[in-house]
Structures are given as C-alpha cells and as structure tokens.
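Chemist: Starting from these lines, generate the structure:
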Amino acid sequence: MLKYIPNSVIVIRENQKFLEKNIIDYFKGKKIVAFALPGAFTPTCSDYHLPAYEQEYQKIKSLGIDEVYCISMNDPYVIEKWKEISEIKNVKFLSDGNGSFTNDMNMISDRSASGMGPRSFRYSMYVDDTQIIKLYKDENGKFDVSDPKTMIKFLKERD
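Modeler: Reported below is the predicted structural model:
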C-alpha cells in the first residue's frame, strides 16, 4: 500500500474550462476522507455509496475532517451531471477520467466483463496532509468496507 497520495495530474472542469490539477493539492495540509468507486450512475455507487457519504457528511466533519471527496474514473461532464442529478450538496467530486490517479494508486480494476473496461476498485481512505493513514478496499463487486460507517468507526477509534 502507498504511504502518500501520488503526485497525479487530473483534469477538472472549472468555469467551463478544462484545467489540469495535481490531485495532491486537494490533500495538502488537510485531514481528508476520500472514497473511490467504479463509476457514476452505476447502481451501487448511485444508490448506496455516494448517498451514504452525503448522509454522514456532517458526522464525518465533526470528527475533525476538513473535507470528503468522491473520486470516480469518469470525465468531468459526467461527474457534473451526476452531481446535479444526485442532488449532492456537501461531498466534493474529483474526476479521474484518464485514470491517472487511480493507476498511480494501484487501484485499477478490470470491469470488462460488465462492459465497463478499466475502472477503480471501490475503496475509502483517511488522509492526513497527503499521508494515507487508513485505506479500506472492497473486492470487485462488493461494498463491504468502503462505506462511511466503517470509516466513522475508524475515525472515532483513532488517536
């Protein structure tokens, strides 16, 4: 497992423009809970994973967390539409459409059998100033340990 967030470049869309950003900048000097999932609009991601983190957002923040990020290997347009349709107000989205961050994290999962091609494993992590303190990774097709309740339990027990 990696000890620090990799120095990966992602492409985001801000003010109708595409910008290259180093993902590490989102983690510098902050305590972050981030979760990654296979894709926007997929059943488990849309029905359970993302809404659960939105529902638990305030509880997570109350445990000393600065921000909660959802990372998905979808392009910025898809991420924008998913955020809009999902009515997410608190969780922040990071688009990894090229898979650079996911690849650098060694979290590429082959979902070709379901027509999705390379995607991210489903996982969650607690990061303190770019250092990965705890990472929970689900096996393909599972949603067992990357949920917010598991992360909240860890956050309550740390220190």
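Chemist: which residues of the protein fall in strands?
Modeler: Using DSSP state E, the strands of the chain run over 9-14, 17-22, 31-37, 67-72, 92-95, 108-111, 117-120, 123-128, 131-137.
Chemist: now, of those, which is deepest in the fold?
Modeler: Mean neighbours per residue, mean count of other C-beta atoms under 10 Å, is largest over these for strand 31-37, with a mean of 24. Heads up, the C-betas are built off the backbone N, CA and C, glycines and all.
Chemist: pull the CA atoms of it into PDB?
Modeler: In PDB, the C-alpha atoms belonging to strand 31-37 read as follows (Å, rounded to 0.1, in the frame of the first residue of the first chain):
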ATOM      1  CA  LYS A  31      -7.500  15.800   7.000                       C
ATOM      2  CA  ILE A  32      -9.500  14.200   4.200                       C
ATOM      3  CA  VAL A  33     -11.800  11.300   3.900                       C
ATOM      4  CA  ALA A  34     -11.900  10.200   0.200                       C
ATOM      5  CA  PHE A  35     -13.800   7.300  -1.400                       C
ATOM      6  CA  ALA A  36     -13.400   6.000  -4.800                       C
ATOM      7  CA  LEU A  37     -15.900   4.000  -6.800                       C
END
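Chemist: Now do it and strand 131-137, the angle between them.
Modeler: Counting by axes from the mean of the first three to the mean of the last three C-alpha atoms, to 10 degrees, strand 31-37 lies at 30 degrees to strand 131-137.
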